[in-house]
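1. quick one: sequence plus predicted model below, questions after.
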Amino acid sequence: MIGFELTLEQKTLQERARRFSKEVILPVAAQHDRDGTFPVDVMEKAHQQGFFTPLVPKKYGGEGLGVLDNCVLSEELAAGCMGIYVSIFVSTLALYPIIRFGTEEQKERFLKPFCSKFSIASYCLSEVTVGSDPASMQTTAVLDGDYYLLNGTKMWITNGGYADFYLVFATTDLQKKHKGIISLIVPSKLEGIVPGEPIDKMGQRASNTTSVVFKNVKVPKENLLGGEGEGFKKAMAALDITRPMIAVGSVGIARRALELATQYAKKRIQFGVPIAQHQAVQFMLADMAKDLEAARLLVWKAAWLADQGVRNSKEAAMAKAFAADMAMRVTTDAVQIYGGAGYTKWHPVEKLMRDAKVIQIYEGTAQIMRLVIARQLLQETERTLS
Ligand SMILES: Cc1cc2nc3c(=O)[nH]c(=O)nc-3n(C[C@H](O)[C@H](O)[C@H](O)COP(=O)(O)OP(=O)(O)OC[C@H]3O[C@@H](n4cnc5c(N)ncnc54)[C@H](O)[C@@H]3O)c2cc1C
């Protein structure tokens, strides 16, 4: 059965998130973009709404939502400001592996307090020399009695300067590549952790992005998530679930760009008529609308598969790649429809274009998404032919 109707609960959630986005996020989005400042008060309000802990089961104080529910919610937040949305979202990226792979004791110790009081988490995979190829990471974790001694520098860490804990991926043996990688839950109050200054970015400027140095940090061995050698699998499994949530951010950005461009096209007069009456502009709007709709459907399918417990690596990569490229095209066309005015800070469309760009880069680049899709496609074809 295929149905596109949201449930009553999903519609209520959508409405609540839309109101939050309109009343709390949108009014401060331009200012935080301009100043590159992190909106702690918005974060606190979002946490109170349960937007930081949508996937955490209710028994630990979370919302107990599914991935699709969360995508419905996230589109609304991202339509207000993608930088603010991503700051909210990254906690889910760090919490999800604990929900999925944590012991009961770890869930009690980390999920419960996170839900009950305002907290922020970060996901630390990338390094200066390690981006698309995380198996080559250089951060080390050496077991020393009851502790792992953690050493290395993580790069591009969203919420890096504000996190209460970091989910850190490190290697126990550089020779073992991905098989040597473990994941550790690292409270930020431990000695030896130094976040860098906020990185001055092109877009998503409300989000806080920093390096984080870990120098001889003593991480209790009971903070190891899953077994040794399992860290890489966990990092990748988390991305399959969270990629649709980032992809849907692209849908949110593009939806806002389309709304703004449509309104502008109806008002702006050239050659004696609103530019919306020129067919070339109509075709641009039509392409924006159809691509936006297609992206949302890919996202919903990838999210739905995740909720069914079905492996969705290919579909999540398709959703992420398509939606990110779509948002880049749609926001660029929105600037085009605004003409010269679109190329200024007078209107929000240039911000949307800058915010869209990085979605083609983080959470797996546009090229890596295509590698994931192609790899699975070739495996499937082999199975079909044999
Ligand atoms: C704003 C921002 C926030 C981020 N937040 C986080 C975070 O919270 N946590 C975290 O761990 N990381 C984070 N990242 C890092 C992000 O995930 C990486 O930037 C991304 O994985 C790409 O890595 P890279 O920048 O090192 O690029 P590289 O891997 O060096 O890639 C450079 C170019 O080469 C291409 N390329 C590389 N390998 C191949 C290949 N095999 N085939 C084809 N093309 C290839 C890439 O597609 C890209 O175009 C963030 C990055 C940014 C910019």
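-> Everything's here; your move.
2. what is the burial count for whatever residue of the stretch 1-150 of the chain ends up closest to the ligand?
-> Proximity of the stretch 1-150 of the chain to the ligand (Cβ to the nearest ligand atom) peaks at residue 131, 1.8 Å away. Every residue, glycine included, has its C-beta placed from N, CA and C. Using other Cβ atoms under 10 Å, the number of residues around residue 131 comes to 17.
3. ok but residue 166 is inside a helix, no?
-> No. Residue 166 is assigned strand when assessed by DSSP: H, G, I helix; E, B strand; the rest coil, not a helix.
4. so it touches residue 121, yeah?
-> Yes. Counting by Cβ atoms under 8 Å, residue 121 is a contact partner of residue 166 at 7.3 Å.
5. name the residues contacting each of the two.
-> Counting by Cβ atoms under 8 Å, 6 or more residues apart in numbering, the contacts common to residue 166 and residue 121 are residue 94.
6. between those two, which is the more surrounded one?
-> Just comparing residue 166 and residue 121: by other Cβ under 10 Å the higher neighbour count belongs to residue 166, 28 against 25.
7. can you give me the helices in the stretch 151-300 of the chain?
-> 231-267, 279-307 (DSSP state H, counting those that start in this stretch).
8. of these, which stretch is the most buried?
-> helix 231-267 (a mean of 23; mean count of other Cβ atoms under 10 Å).
9. what sits closest to residue 9 if chain neighbours are left out?
-> Distances taken as Cβ to Cβ, 6 or more residues apart in numbering put residue 69 closest to residue 9, at 7.5 Å, once the chain neighbours are dropped.
10. tell me how far that neighbour lies from residue 76.
-> Distance of residue 69 to residue 76, given as Cβ to Cβ, to the nearest Å: 12 Å.
11. and residue 275, by the same measure?
-> The value you get for residue 275 to residue 76, if Cβ to Cβ is used, is 29 Å.
12. who's more crowded, these two?
-> residue 76 (24 against 20).
13. checking that one next. Helix, strand or coil?
-> helix.
14. was I right about it contacting residue 24?
-> No. With contact defined as Cβ under 8 Å, residue 76 and residue 24 do not form a contacting pair (11.4 Å).
15. alpha carbons only: can I get stretch 287-296 in CSV?
-> Extracted in CSV, the C-alpha atoms of stretch 287-296 (Å, rounded to 0.1, in the frame of the first residue of the first chain):
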residue,chain,number,x,y,z
ASP,A,287,11.0,23.2,-12.2
MET,A,288,11.6,24.4,-8.7
ALA,A,289,8.3,23.0,-7.5
LYS,A,290,8.6,19.6,-9.2
ASP,A,291,12.2,19.0,-8.0
LEU,A,292,11.2,20.0,-4.5
GLU,A,293,8.3,17.5,-4.5
ALA,A,294,10.6,14.8,-5.9
ALA,A,295,13.2,15.4,-3.2
ARG,A,296,10.6,15.2,-0.4
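16. surely residue 162 meets residue 37?
-> No. At 11.7 Å, residue 162 does not count as touching residue 37 under the criterion of Cβ under 8 Å.
17. more neighbours, the two?
-> residue 162 (19 against 14).
18. quick check: residues of the stretch 101-250 of the chain near the ligand?
-> 122-126, 131-132, 156-158, 201, 204, 209 (Cβ under 6 Å from any ligand atom).
19. swap in the stretch 251-386 of the chain?
-> 358, 361-362, 365, 367-368, 371.
20. any chance of these in CSV, plus neighbour count and pLDDT?
-> CSV is the format used below for those (neighbours: other Cβ atoms under 10 Å; pLDDT from 0 to 100):
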residue, neighbour count, pLDDT
358, 20, 98
361, 15, 98
362, 17, 97
365, 16, 98
367, 11, 98
368, 17, 97
371, 13, 97
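21. rewinding a little: and the residue nearest to residue 9, what does it touch?
-> Applying Cβ under 8 Å, 6+ apart, the residues near residue 69 are 9-10, 13, 54.
22. ok, residue 121 next?
-> Contacts of residue 121 (Cβ under 8 Å, 6+ apart): 90-91, 94-95, 114, 159, 163-167.
23. spatially nearest residue to it, not counting backbone neighbours?
-> residue 94 (3.7 Å).
24. please report how far the one you found lies from residue 164.
-> Separation of residue 94 from residue 164 (Cβ to Cβ): 10 Å.
25. what of residue 337?
-> Residue 337 is 43 Å from residue 164, by Cβ to Cβ.
26. who has more neighbours out of those two?
-> residue 337 (23 against 18).
27. which SS state does the more buried one fall under?
-> helix.
28. correct me, but it touches residue 282?
-> No. Using Cβ under 8 Å, residue 337 is not in contact with residue 282; the gap is 10.5 Å.
29. run through the stretch 1-150 of the chain and note the low-pLDDT ranges.
-> Where the stretch 1-150 of the chain drops to pLDDT under 70, the residues are 1.
30. in it, which spans are strands?
-> Counting by DSSP state E, counting those that start in this stretch, the stretch 1-150 of the chain has strands at residues 121-124, 140-144, 147-158.
31. deepest-packed of those strands, please.
-> Using mean count of other Cβ under 10 Å, strand 121-124 ranks as the most buried of the strands of the stretch 1-150 of the chain, with a mean of 27.
32. partners of that strand, with directions?
-> Paired neighbours of strand 121-124 in the sheet (DSSP bridges): strand 165-171 (parallel).
33. gap between the partner strand and the chain center?
-> Centre-to-centre, strand 165-171 and its host chain are 17 Å apart (Cα atoms, centre = their mean, to the nearest Å).
34. mean confidence for it?
-> Mean pLDDT, strand 165-171: 96.
35. tell me which residues of that strand come out buried.
-> For strand 165-171, burial by neighbour count (16 or more other Cβ atoms under 10 Å) applies to 165-171.
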